[in-house]
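S.K.: model this:
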Amino acid sequence: MTETVDVVLIGGGIMSATLGTLLHELQPDWKIVAYERLSDVAEESSHAFNNAGTGHAALCELNYTPEAADGSVDVSKAVSINEQFQLSRQFWSSLVDRGVLSEPDTFINPTPHMTFVRGEKNVSFLKTRYEALSKQTLFADMEYSEDSRVINKWAPLLMEKRLTADAPFAATRVTGGTDVDFGALTHQLFDHLKSSGVQVLPNHEVRSLKKQKDGTWLVKNRQTVGRTPSQVKARFVFVGAGGWALKLLQNSGIPEIKGYGCFPIGGQWLMTTKPEIVSKHQAKVYSKATVGAPPMSVPHLDTRVVDGETSVLFGPFATFSPKFLKNGSNWDIVTQVRPSNLFSMLKVAVTNFDLIKYLVTELLKNHSRKVDDLRELMPDAKDEDWTLRQAGQRAQVMHNGNLQFGTEVITSADGSISGLLGASPGASTAVPIMLGLLKRCFAEEYAGWEPRLRELIPTLGEKLNDQPELAEKTFAETSATLSLQS
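M.R.: Numbers count the residues shown, from 1 in each chain. The predicted structure follows:
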C-alpha cells in the first residue's frame, strides 16, 4: 500500500528548506518528505558560489529602481523588496534564538552595499535615486558621494589607479548590508528538519506527479544510485527544483503552467583570494548593467565569506548551456516545448534582440577580456590575480511572449500543488514568498497559524517603512541576534 504523507518537497534548496521549516514549526505532527536528486542539498542555485548571495535588500541593485521618462525614479519595488528581506532576517533571528540555527556568522555577515557609476547621465540618475530612497525609512542610512577621497575610503579597489578622465563618478553606500551564504543556511535548516523527524532523501529524483481521485498527488521517484523506484501520495506538493520545476509542473498537468517556458543562462565569476586584494575590499559594489543584460547579470564586485574564507568575486559573466540545472540534461531546452508555450518562446526570441546580442558577446569573451570588464570597476586589476569559477545555471522565465525577471509562484486552482520559477531576488525573499504560499495553499489553516507566525516574525503584516521607530527597533534586534552589529 502506498504511504500517504502531508507534504512533499521537491528540491533541496533554500525554498524547500524554508517552507519545510515553517510548516514544521506550525504543524509538527505533519509528515513531511523532501526529495533531492543530487547527493546533498544546496548543490544547485542555493550553493554559495552559484548565486549572487547579497541578501538582496535593494540597497545597491539599480534594476529595482527604474527611471521614468521624466527622469524621476520609482522606488516602490525597492521598498517592497527591503520590507521582504526584513521578514527573512526576523525569521532567521527567531531560529537563532531557538537554537535551530547556530553561529550566525557561518551564513550571514555584515557587508556594506554600494552602487558605483560613471558618466554624467549615470551620476545624475544615481543622485536622483539617492534623493528618493534616502527619504524612505528603510533607506535613511544611505550615503552619497562624488568625492574620490570618500569613495576611496569606502572601497579602495574602485579608486586605485583610476584616471581623472573617468570622472564624473559617484557612489552610494549602506553600511547595514549583508553577505549571505544560502548554501550554509540551507544545510542548517535541513539538518534541523532531519533531527526533528522529517525525511530528507538525497539521491532521489522525482519522475512524475499525478493527481488522484481523492485529491492527493501520486509522487513517483527513483533513486539516482541503483534506480530503485518508489512512490508516495501527498496532500500537498511543493516544487522547489530550480529550472527543473518547469518540467515537473508541466508533467503535473495543471493548466496554470501553460504558456510558461524557460531559457537557460549560465554564469561565471572572476574570483580571487589574494590577501592583498581581499583586505582592501569589504563591500558589495553594483554597477550599471550592459544593454540587454538580464538583471542577474548586473556587474558587481563582491566580498564573499564561504566556509570562513573571504574572497572577492566579479561578474557574473553569461555562459550558455541547454541545461536548466548545472547538473541537468542537455535536452532540457527541447523537452520543455509544448503547443501552449511554443509561440511564447518564439516571440521572446524575436522581440529581445538585445538579450541575444548580449549573450553572444559574453560567450566570445576570453579570460583577458573578462578582466578588462573588471577594470571598469577595479582599474588596477591584473589578469594573473583572478581565476574563473563556474557559477550557477538560471532558467530565465518566459510567459505569454514576455520575459519575466522576477520570482514567480505557480499554484493550482485548488492549492494542492505549487512551484517556483525565476531568479532575483529569489533566496533573499524566501521567507515572504513561502508565507504567501502558505496563505494561498493552506487557507483553512492559516488563520490558526497566525499567532505562531507572529512569534517567529513579530512584524508580520506591518509596514516597517511607515513606522520609523518600529523599523529601527526591529533592525537593531535582528542585528544583535544575527551578530551583525559593528
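S.K.: where in the stretch 251-400 of the chain is pLDDT low?
M.R.: Along the stretch 251-400 of the chain, segments meeting pLDDT under 70 span 290-297.
S.K.: so where do the strands sit in it?
M.R.: Applying DSSP state E, counting those that start in this stretch to the stretch 251-400 of the chain gives strands spanning 260-272, 284-286, 300-306, 309-319, 387-390, 394-399.
S.K.: ok, and what's touching the last one?
M.R.: Applying CB atoms under 8 Å, 6 or more residues apart in numbering, the external contacts of strand 394-399 come out as 45, 242-243, 246, 259-267, 294, 296, 324, 341, 344-345, 348, 403-404, 408, 421-423. Backbone N, C-alpha and C define where each C-beta goes, glycine included.
S.K.: ok, now the fourth one?
M.R.: If you take CB under 8 Å, 6+ apart as the criterion, strand 309-319 is touched by 49, 52, 157, 265-273, 277-278, 281, 293-294, 296-297, 299-304, 358-359, 362-363, 365, 370, 373-374, 377-378, 386, 389-391.
S.K.: one step back: just the buried ones from the contacts of strand 394-399?
M.R.: Using 16 or more other CB atoms under 10 Å as the burial test, the contacts of strand 394-399 include 45, 242-243, 246, 259-267, 294, 296, 324, 341, 344-345, 348, 404, 421-423 as buried.
S.K.: re the thing from before, comparing the strands of the stretch 251-400 of the chain, which comes out most buried?
M.R.: strand 284-286 (a mean of 27; mean count of other CB atoms under 10 Å).
S.K.: is it true that Leu421 touches Gly259?
M.R.: No. If you go by CB atoms under 8 Å, Leu421 and Gly259 don't touch, sitting 11.9 Å apart.
S.K.: what do these two both touch?
M.R.: Counting by CB under 8 Å, 6+ apart, nothing touches both Leu421 and Gly259.
S.K.: buried sites along stretch 59-76?
M.R.: Residues Leu59, Cys60, Glu61, Leu62, Asn63, Tyr64, Thr65, Val73, Val75 are the ones in stretch 59-76 that count as buried (16+ other CB under 10 Å).
S.K.: What is the end-to-end distance of it?
M.R.: With CA to CA, to the nearest Å applied, stretch 59-76 spans 13 Å between its terminal residues.
S.K.: which other residues reach that stretch?
M.R.: The contact list for stretch 59-76 (CB under 8 Å, 6+ apart) reads 54, 58, 77-78, 81-82, 113-115, 124-125, 128-129, 132-133, 136, 139, 142, 172, 174, 176-177, 284-286, 288-289, 295, 298, 300, 405, 424.
S.K.: what do you get for stretch 268-276?
M.R.: In contact with stretch 268-276 (CB under 8 Å, 6+ apart) are residues 49, 278, 309-317, 319, 370-371, 374, 385-391.
S.K.: Kindly recompute the last result at 7 Å.
M.R.: Defining contact as CB atoms under 7 Å, 6 or more residues apart in numbering, one finds that stretch 268-276 is touched by 49, 309, 311-317, 319, 370-371, 374, 385-391.
S.K.: Angles on the backbone of the nearest residue to Thr4 once chain neighbours are set aside, please.
M.R.: In space, and not counting its chain neighbours, Thr4 is closest to Lys233: 4.4 Å by CB to CB, 6 or more residues apart in numbering. Reported as degrees, to the nearest 10, the phi and psi values for Lys233 are phi -110, psi 140.
S.K.: Angles on the backbone of Leu420, please.
M.R.: Residue torsions, per degrees, to the nearest 10, at Leu420 are phi -120, psi 130.
S.K.: okay, now it: neighbour count?
M.R.: The burial count assigned to Leu420 is 26, neighbours taken as other CB atoms under 10 Å.
S.K.: so it sits right up against Met15, yeah?
M.R.: Yes. Using CB atoms under 7 Å, Leu420 makes contact with Met15 at a distance of 5.5 Å.
S.K.: Between these two, which contacts overlap?
M.R.: By CB under 7 Å, 6+ apart, the residues touching both Leu420 and Met15 are Gly240.
S.K.: related to what we said a few turns ago, for the strands of the stretch 251-400 of the chain, give me a markdown table that also has distance to Asn203.
M.R.: Listed next are the strands of the stretch 251-400 of the chain as a markdown table, based on distance: least, CB to CB, whole Å:
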| stretch | distance to Asn203 |
| --- | --- |
| strand 260-272 | 24 |
| strand 284-286 | 35 |
| strand 300-306 | 24 |
| strand 309-319 | 27 |
| strand 387-390 | 22 |
| strand 394-399 | 23 |
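S.K.: Select, out of those, the one closest to Trp331.
M.R.: strand 260-272 (11.6 Å; CB to CB).
S.K.: gap between that closest one and the chain center?
M.R.: Strand 260-272 sits 13 Å away from the centroid of its parent chain (CA atoms, centre = their mean, to the nearest Å).
S.K.: Strand partners (parallel or antiparallel) of that strand?
M.R.: Note on strand 260-272: by DSSP bridges, its sheet partners are strand 309-319 (antiparallel), strand 387-390 (antiparallel), strand 394-399 (antiparallel).
S.K.: Redo those strands as CSV? Include distance to Val96.
M.R.: Output for the strands paired with strand 260-272, formatted as CSV (distance: least, CB to CB, whole Å):
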stretch, distance to Val96
strand 309-319, 22
strand 387-390, 30
strand 394-399, 30
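S.K.: Out of those strands, flag the one nearest Leu87.
M.R.: strand 394-399 (23.3 Å).
S.K.: From the contacts of stretch 59-76, list just the buried residues.
M.R.: Buried residues within these, counting neighbours by 16+ other CB under 10 Å: 54, 58, 77-78, 81-82, 113-115, 125, 129, 132-133, 136, 139, 142, 172, 174, 176-177, 284-286, 288-289, 295, 298, 300, 424.
S.K.: Show me those that map onto helices.
M.R.: Lys77, Ala78, Ile81, Asn82, Phe125, Arg129, Ala132, Leu133 (DSSP state H).
S.K.: can you pull the contacts of the third one?
M.R.: With CB under 7 Å, 6+ apart as the criterion, the residues that contact Ile81 are His56, Ala57, Ala58, Tyr64, Pro425, Thr429.
S.K.: again, but for the fifth one
M.R.: Applying CB under 7 Å, 6+ apart to Phe125 gives the contacts Glu67.
S.K.: Any figure for the gap between it and Gln136?
M.R.: 17 Å (CB to CB, to the nearest Å).
S.K.: and what of the fourth one?
M.R.: For Asn82, the distance to Gln136 under the criterion CB to CB works out to 8 Å.
S.K.: which phi and psi does Trp92 have?
M.R.: According to degrees, to the nearest 10, Trp92 has phi -60, psi -40.
S.K.: The residue nearest to Val334 when sequence neighbours are not counted: neighbouring residues, count only.
M.R.: Of all residues not flanking Val334 in the chain, Pro322 sits nearest, at 7.4 Å (CB to CB, 6+ apart). Pro322 has 14 neighbouring residues, counting by other CB under 10 Å.
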